[in-house]
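Q: coords please:
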Amino acid sequence: MTSTQAGTRAAGALGGLVAGLGFFGGIAATKATERSEYPRPGTPPEELQKYFTESSTAARLSVAGHAVSTTGLARFTGAVAKLAKRSGKGSGALRAAALTGGTFAVATQVLSASSTLLLTSKDNHLQTTKDLREVSYHLGGHLHGVGFGLLTGALGLAGLRTGELPKPIAIASLVAAPLGILGPLTLLKKQTMIALPIGHLLSLLVSGAAGVALARKPRAISAPAN
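A: Down below sits the predicted model:
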């Protein structure tokens, strides 16, 4: 493997770290610029409309953070798929799970962020505002978690099988995975909703840690210059 190929692989792995930095950076920028408290689920459409128009800059910064996070997640999905491919027996199914989960996570995050951006328009009717908020919330929360959880689970299994991830990171990935995959079940009982942000936080943390570990792991000696 040439040094260029190794660098490309490392960059893809570091997408896991970029995903987390983009997400948390967007939250920090939102908190620093918003004019009122971010609306919780169930907030009346009048209050939603007031927040997203008065704090439109904060909402757009949040969308920008999600864009960075999504780009990183897309790169990281490719790195996890390659790791899964090296995992031996059953690698095809594990690679497919990584690609499916990662692609779904990226798609739902893009649609969620797009809905948030549309919420900043002052021309929205109250029903439109309510509908866009529901779409943004469920796509970016419950459904995004399913894809991210599947990707995280594939990461943990591939990391254990190949030995290319520190065992604690691989195990933490397997712990985080079901919290995301089973996230839609929290709709049945409000008391379990806390599992959603916990699962997302853990998935981001293990993805970042795994990305750094994979990027630092020696792959091959670079070809000597002529």
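Q: Not counting residues beside it along the chain, what's closest to R60?
A: Distances taken as C-beta to C-beta, 6 or more residues apart in numbering place T120 nearest to R60, at 6.3 Å, with adjacent residues excluded. The way it works is simple: take the backbone N, C-alpha and C, and place the C-beta from them, glycine included.
Q: Report pLDDT for that neighbour.
A: We have a pLDDT of 96 for T120.
Q: residues near it, how many?
A: 19 (other C-beta atoms under 10 Å).
Q: moving C-terminal of the lowest-mean-pLDDT helix or strand in the chain, what's the next helix or strand?
A: When each helix and strand of the chain is scored by mean pLDDT, DSSP states H and E, helix 3-13 comes last, with a mean of 63. Beyond helix 3-13 on the C-terminal side, the first helix or strand identified by DSSP states H and E is helix 15-33.
Q: Now that next one: buried residues?
A: Neighbour counts using 16 or more other C-beta atoms under 10 Å place 15-23, 25-26, 29-30 of helix 15-33 among the buried residues.
Q: what does stretch 45-60 give?
A: P45, L48, Q49, K50, Y51, F52, T53, S55, S56, A58, A59, R60.
Q: I'd say the second one and R40 touch.
A: Right, the one you point to is L48. No: between L48 and R40 there is no contact under C-beta atoms under 8 Å: 10.2 Å.
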